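>>> Structure, please.
(one chain, ligands or ions: 1)
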Amino acid sequence: MTVRTRFAPSPTGFLHIGGARTALYCWLESRRRSGQFILRIEDTDRERSTDAAVQAILDAMHWLDLDADEGPFYQTRRLERYRQVAAELVAAGNAYYAYESKEEIEAMREAAMAKGEKPRYNGHYRDRNEPYREDPNRVIRFRNPTEGSVVFDDKVKGRIEWANSELDDLVIFRSDGWPTYNFAVVVDDIDMGITEVIRGDDHVNNTPRQINIYHALGAAVPEFAHLPMILDKEGKKLSKRTNSVSVMEYRADGFLPHAILNYLVRLGWSHGDQEIFSREEMIALFDIADVNKAASRFDTEKLAWLNQHYLKTDDPQSLAAEFEWHLQRAGIDTSHGPAPVDVIVALRDRVHTLKEMAERAKIWYGPIVEWDDKAVAKHLGNDSAPAVLDAAKALLAEVEWQPAPIHRVIEQVAAQLALGMGKVAQPLRVAMTGTQVSPSIEHTIYLAGRAEALRRLDHAKALAQG
Ligand SMILES: Nc1ncnc2c1ncn2[C@@H]1O[C@H](COP(=O)(O)OP(=O)(O)OP(=O)(O)O)[C@@H](O)[C@H]1O
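The predicted structure is shown next:
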């Protein structure tokens, strides 16, 4: 049987790290087993769902490259189907119309609480076989079995058993004409042929109710895997409503999508003590059955470490498109100046994020706007600086414009003037950047381009004599 998993976010906000890990695990499980991955947007909460949130989720999934084989499907477009299945359940005696007002439901809740019991529906309409009628209070309730229990083997949590006596008759269609979460999910998972339901364990209490609906519909029950939650530093569940940031904010902060995926795969799963996983390795090695039972805490330091690892080791060309996105965001016009890939080569050992890289790249795409006065005084205001600038200019005017030959020019200048490398590199660095910190001097010069490098040397000479 082909394995089919689904990720089913509700578009009530952005995709956060917790949701993204669930999406990744669903995706990995389907990929490893040569199955299919389906994306479903659970947008029946009409008050909280927005088109902007749908778009934010799609953008994040696309950026993370968690490609779906089918979907996105939208629950709001399936209303007719839910109505039809609910009608079938009513016709078969597995669901019924109930007409209590809000006040009556509230009174039921209060009465139960007063007796120290769990608030639950008292079953008033369960056996009345009330026909359909126009009524603002009309709901459809599922006729949950009262005897026995629901048992399932969760792939992460192990065996779970719930007594049916604990479950009341849940509303499957609300008075506003929309299906409830637990009902729509089951109809969708059946219609979409989902074989593995992988979701956060915030849903585990829903599963026994859902299994009873599968049985009532005569459908095969899928496998379940409920993933422990990702918590924030204080130990609270990451949630888009309170304490999380969107995956796309990590993008804006300069993180790479595969660094995030690598971080997420390890947050709750391991393979020996391996930390670095390529996409292919993740697919080959991941198994939902090996996911930890305990919740995990989100830790940005480790994410930053992974990000830097990938910045340092990836083919720079493969990072260029993402880096250009950051250059644009930083307001940098790349129509003049170095090829972004060359900037990556020069800076990748020195930064943790692409955002930082874009900030530091500014000096090669426009004039130097800030001069570090102390650096100017120290490195351009000394006796040897004018000669260094002159000698460098003469040789740089002719040299093949590549970092290695430029490096040889600097050595030559040092030899000619009998100066140490520092005495040569520092004035050149200040000339090129206005500061005394920059990547290797040959890259710093190379990235300026010959014409601009020579212009900057002239300008520095004027400052040196100034
Ligand atoms: N902190 C979390 N850790 C792990 N998984 C999570 C976390 N939060 C949500 N999920 C899972 O991500 C999937 C999508 O979640 P969904 O879009 O319904 O919103 P949500 O993030 O749970 O909502 P909210 O943030 O409003 O609590 C679900 O399977 C859910 O269980």
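>>> CA atoms for contacts and neighbours, from now on please.
Noted.
>>> excluding its backbone neighbours, what's nearest the spatially most central residue of the chain?
Closest to where the C-alpha atoms of the chain average out (CA atoms, centre = their mean) is Val247, at 3.5 Å. Counting by CA to CA, 6 or more residues apart in numbering, His16 is the residue found nearest to Val247 once chain neighbours are left out, at 5.2 Å.
>>> Next up, the contacts around the residue nearest to the centre of the chain.
Residues near Val247 by CA atoms under 8 Å, 6 or more residues apart in numbering: 14-17, 20, 60.
>>> Hmm, Phe298 is touching Leu231, no?
Yes: contact status for Phe298 versus Leu231: in contact at 6.2 Å, counting by CA atoms under 8 Å.
>>> Contacts only, for Pro323.
In this structure residue 323 is Phe, not Pro. Here Phe323 is in contact with 340, 354, 358 (CA under 8 Å, 6+ apart).
>>> My reading is that it lies in a helix. Confirm?
Yes: under DSSP: H, G, I helix; E, B strand; the rest coil, Phe323 sits within a helix.
>>> just wondering, since we're on it, how far is it from Leu311?
Separation of Phe323 from Leu311 (CA to CA, to the nearest Å): 11 Å.
>>> Over to Ala216?
Counting by CA to CA - Ala216 and Leu311 are separated by 53 Å.
>>> more crowded one of those two?
Between Ala216 and Leu311, counted using other CA atoms under 10 Å, the more crowded position is Leu311 (25 against 18).
>>> Hmm, Arg348 and that one touching each other?
Yes: here Leu311 reaches Arg348: they are 5.7 Å apart, a contact under CA under 8 Å.
>>> And for the helix or strand hosting Ala111, what's in contact with it?
Using DSSP states H and E, Ala111 sits in helix 102-114. Under the criterion CA under 8 Å, 6+ apart, residues 118-122, 137 lie in contact with helix 102-114.
>>> could you redo the last one with a cut-off of 7 Å?
With contacts defined as CA atoms under 7 Å, 6 or more residues apart in numbering, helix 102-114 is touched by 118-120.
>>> the strands in the protein, which residues?
Shown for the chain, the strands assigned by DSSP state E span residues 4-7, 36-41, 70-74, 95-98, 139-142, 149-154, 158-163, 171-173, 196-200, 223-227, 230-231, 296-297.
>>> Would you format those strands as JSON lines with mean pLDDT, mean neighbour count and distance to the ligand included?
Converted to JSON lines, these look like this (pLDDT from 0 to 100; neighbours: other CA atoms under 10 Å; distance: least, CA to the nearest ligand atom, whole Å):
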{"stretch": "strand 4-7", "mean pLDDT": "98", "mean neighbour count": "27", "distance to the ligand": "7"}
{"stretch": "strand 36-41", "mean pLDDT": "98", "mean neighbour count": "22", "distance to the ligand": "8"}
{"stretch": "strand 70-74", "mean pLDDT": "98", "mean neighbour count": "15", "distance to the ligand": "13"}
{"stretch": "strand 95-98", "mean pLDDT": "98", "mean neighbour count": "24", "distance to the ligand": "26"}
{"stretch": "strand 139-142", "mean pLDDT": "98", "mean neighbour count": "25", "distance to the ligand": "23"}
{"stretch": "strand 149-154", "mean pLDDT": "98", "mean neighbour count": "16", "distance to the ligand": "15"}
{"stretch": "strand 158-163", "mean pLDDT": "98", "mean neighbour count": "13", "distance to the ligand": "17"}
{"stretch": "strand 171-173", "mean pLDDT": "98", "mean neighbour count": "23", "distance to the ligand": "18"}
{"stretch": "strand 196-200", "mean pLDDT": "98", "mean neighbour count": "22", "distance to the ligand": "3"}
{"stretch": "strand 223-227", "mean pLDDT": "98", "mean neighbour count": "22", "distance to the ligand": "7"}
{"stretch": "strand 230-231", "mean pLDDT": "92", "mean neighbour count": "22", "distance to the ligand": "4"}
{"stretch": "strand 296-297", "mean pLDDT": "91", "mean neighbour count": "18", "distance to the ligand": "8"}
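>>> Mind checking the ones you listed for the one nearest to Glu29?
strand 4-7 (7.6 Å; CA to CA).
>>> related to what we said a few turns ago, could you dump the contacts of Phe323 to JSON lines with pLDDT and neighbour count?
Converted to JSON lines, those look like this (pLDDT from 0 to 100; neighbours: other CA atoms under 10 Å):
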{"residue": "Pro340", "pLDDT": "97", "neighbour count": "22"}
{"residue": "Leu354", "pLDDT": "98", "neighbour count": "28"}
{"residue": "Ala358", "pLDDT": "98", "neighbour count": "26"}
